[in-house]
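Asker: whatever this is, show me its structure:
(2 chains)
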Amino acid sequence: MSQKSIVLYLHVHQPFRVRHYSVFDSGLRSDYFDAEYHDRTSNERIMHKVAEKSYLATNARLLDLLHKHPGFKISLSITGTAIEQMKRWSPESLRSFQMLAQTGRVEIVGETYHHSLAFFYDRDEFIAQVDQHKNLIQDTFGQTPTAFRNTELAYNNDLAWWANEAGYKVILAEGWDPILDWRSPNFVYQPSYIDGNLKLLLKNYKLSDDIAFRFGDQSWAEWPLTADKFSHWLSESGDATNFNLFMDYETFGEHQWHESGIFDFLTHLPEIWLTNPEHDFKTVSETADSYPTVDRVDMPNVVTWADTERDLSAWVGNSMQQQALDAIYSIKDAVLNSGNQTLIDDWRKLQTSDHFYYMCTKWFNDGDIHAYFSPYDNPYDAFIAFMNAWQDMRLRSGDFR
Amino acid sequence: MLGWELPPHNSGGLGVACLQLSKSLSKLGAKIDFVVPYVGNEQFDFMNVIYAKLAHPAVISGVYDSATFYEGSSTLGKDIYSVEANYQKAIEKIVIETDFDIIHAHDWLTFRAALRARELSGKPLILHVHSIESDRAGGKHGNPLVHEIERMGLSIADRIVAVSELTKQKIVHEYGIPADKIVVAHNSLDLDFMEDLQGDNEYRLLSKLKQEGYRVVTNIGRLTIQKGLGGFLRAAQLVVEKQPKTIFLIIGSGDQKRELIELAASLGIARNVIFVDFQRGKRWRDAFAISDLFVMPSISEPFGLTPLEAAYYDTPSLISRQSGIAEVLQSCLKVDFWDIHKMADQIISFVSYDGLQSSLKYDLNRELSKLSWDKTAKTLLSTYKEHHQAVAI
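Answerer: Predicted structure coming up:
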């Protein structure tokens, strides 16, 4: 037997969705993000719903687990846009996250404030957003992130190089088979070409997806998944050291409903796992400190944790997405030079990756509508609302030549 | 099958749908005798066309479209009434001479003949609804006599086929028919029937304007209330304010034509709107090809085939949600016909952003390549089988 750790990392994010902002609004009003409450694009309504179904329900259980089991630990990343929305519309949700952090056993992971793809479009802008997030996390949770994750876990060697230079201890990425080859994600790795101490933790997507995607699927051969069964799988896994369970926070209560038994699973997992003295939970930075690295991993091309291709095609794959991304970064100088902080904030909110995801047409007419989560009727409406907002922003920045 | 028209003698989408549907059914093993009212001799290798020879096709064709009289008129036009009555007599004779298992009749003009066929033969009757009277009357009540024929036919039929969920709902609401008597079978487009473009485009003025940066936004169809062109022109006015280099091409004939021309003038956009009479053949195809965007703003469109035809000529569409095709076509812009501002917003975005144009084209092509009548034909065959063991018709 050997020491084994569950590394549970949950990602919290909400975008500022653009309402059905029309070309006739452009130049007249700049309330892109303020939909009527009952509209599908209402950020306030969605925050209320997610807070009730997921944040408050899950945090109550997590806090309870932290009090009950001194060996229970988790890692969280919370985007700046999500924190802003909680401050405005669900301060009790934010307070519940702060209470988790106060236990000292919850690590907050760093990322871009706006959940953007800036790393691939504008390095200075990317750094500005990471700093903005770092400041917010310090103010909100009294922590300075030592771990980093990029939007959608989009990772390549360049990002690792940057994170190493920036002084991070560990970076998170997808444990994608074509990259890992014969290797297992259940160990600590190092990125290739790095002269430093940066460690790489790779998501075990099979185990993670058992919880995040398959948990409530009654046609799945392993249904129902119990904490007993899951713990048993992990115990049986030879000399593996760390099981990187990375997923969206909303798995609990939103993607997997309360009725699926997901909260019982969450409650029982630490109870059962921790009965073996060689088992524990670790945060991502602790994991990087605790186990030796076994190999270097080379990822020249961008790998994400999204869909079957594990690439960025759901965000940048079609001509609408490319035009929208080009447009938003093209007005950077005009926006930043304007000195208008509201405009700068609005501009950054439009960089959130979700806007481009809503324009994705990959699955749209395959009859597989379930793959498409969007508050818009179709990807074209998403593009139209976004570009109308962009036009207005261009006007505000004085970029109309 | 009892029908009113088949290409090349069709006045609109009804004949096209009947022909393509029959081909697809025959591929699945159905044997079809298709009765049309007019004189002719064209045959197709997938079915037997029976000509009732009641009148010249030119008399019949067009009758279907102009048969609708609005409130205040209680009789049908004399010609149509006599052809419709004679069609019943012809069917009586055919029923006696022909061996068949199922009667499948398309739209109200054949309904009384179909009822008579059912009465004489005792065979199951399936009525296929491509449109009902209130669709053709553009939201008004339409002709009470036609109403009565539809009510009677739909009540007595063993089974009803509707070309869309929208049409099914209307049949339920307007005629009080139980929903479970109606099966929805969407139309499609058989690309084998489409003709490719040839030679230079006939719309030379538009070609020139496009070279100068103009975009062409088009509607092709009858100029009647049902088609929602008044709203389209009001949206056009908003578009022209923001994007003056937009030309609106309106192709078709109909009782609203004068009104629409006057409306374009009074909205101050006459310079941006071009009216062209109804076209066939090369000029019909070239109209789709020269267009950047096809708009189908219909107030009520039971199905609406034209966006698929436009797609064949690589032109994306903006369609009203009040159409059957909005239930099946994904790769297009969609709007409620009354939402003039949203319609304008979508047209402006379309002409402004090539990213939107190429995404729509790409997605539409992918969707067009998957298009087939198969699913519809299978739905119909299983409906036939519910009413009869054999599949010969």
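Asker: I'd assumed B:Phe275 was in contact with B:Ile261.
Answerer: Yes - in this structure B:Ile261 lies within contact range of B:Phe275 using Cβ atoms under 8 Å: 6.0 Å. Every residue, glycine included, has its C-beta placed from N, CA and C.
Asker: okay, and for chain A, where does confidence drop off?
Answerer: Within chain A, the set of residues satisfying pLDDT under 70 comprises A:1, A:364-372, A:400-401.
Asker: give me the number of residues near A:Met387?
Answerer: 26 (other Cβ atoms under 10 Å in any protein chain shown).
Asker: can you pull out the strands in the chain?
Answerer: Picking chain A for this. A:4-12, A:74-78, A:106-108, A:147-148, A:170-174, A:188-191, A:199-203, A:242-248, A:279-281, A:293-297 (DSSP state E).
Asker: um, chain B though
Answerer: B:33-38, B:48-55, B:103-106, B:125-129, B:159-162, B:182-184, B:215-220, B:246-251, B:273-276, B:293-296, B:317-320, B:333-335.
Asker: report the rounded mean pLDDT for the third one.
Answerer: Meaning strand B:103-106. On average, the pLDDT along strand B:103-106 is 97.
Asker: export that strand as PDB, just CAs?
Answerer: This file holds the C-alpha atoms of strand B:103-106, laid out as PDB (Å, rounded to 0.1, in the frame of the first residue of the first chain):
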ATOM      1  CA  ILE B 103     -57.000   7.100 -50.700                       C
ATOM      2  CA  HIS B 104     -54.500   9.800 -50.000                       C
ATOM      3  CA  ALA B 105     -55.700  13.300 -51.000                       C
ATOM      4  CA  HIS B 106     -53.900  16.600 -51.100                       C
END
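Asker: quick one: list the elements packing against that strand.
Answerer: Here strand B:103-106 touches helix B:111-121, strand B:125-129, going by 3 or more Cβ pairs under 8 Å, 6 or more residues apart in numbering or on different chains; DSSP states H and E.
Asker: any idea of the angle the shortest one forms with helix B:111-121?
Answerer: Angular relation of strand B:125-129 and helix B:111-121 on a 0 to 180 degree scale: 170 degrees, by axes from the mean of the first three to the mean of the last three Cα atoms, to 10 degrees.
Asker: could you list the paired strands of strand B:125-129 along with their orientation?
Answerer: The strands beside strand B:125-129 in its sheet (DSSP bridges) come out as strand B:103-106 (parallel), strand B:159-162 (parallel).
Asker: tell me the most buried of those?
Answerer: strand B:103-106 (a mean of 27; mean count of other Cβ atoms under 10 Å in any protein chain shown).
Asker: what's that strand in contact with?
Answerer: Residues outside strand B:103-106 that contact it (Cβ atoms under 8 Å, 6 or more residues apart in numbering or on different chains): B:1-4, B:14, B:18, B:111, B:113-114, B:117-118, B:121, B:123-128, B:130, B:153, B:380, B:384, B:393.
Asker: ok, 6 Å please
Answerer: B:Met1, B:Leu2, B:Gly3, B:Cys18, B:Ala114, B:Ala117, B:Arg118, B:Lys123, B:Leu125, B:Ile126, B:Leu127, B:His128 (Cβ atoms under 6 Å, 6 or more residues apart in numbering or on different chains).
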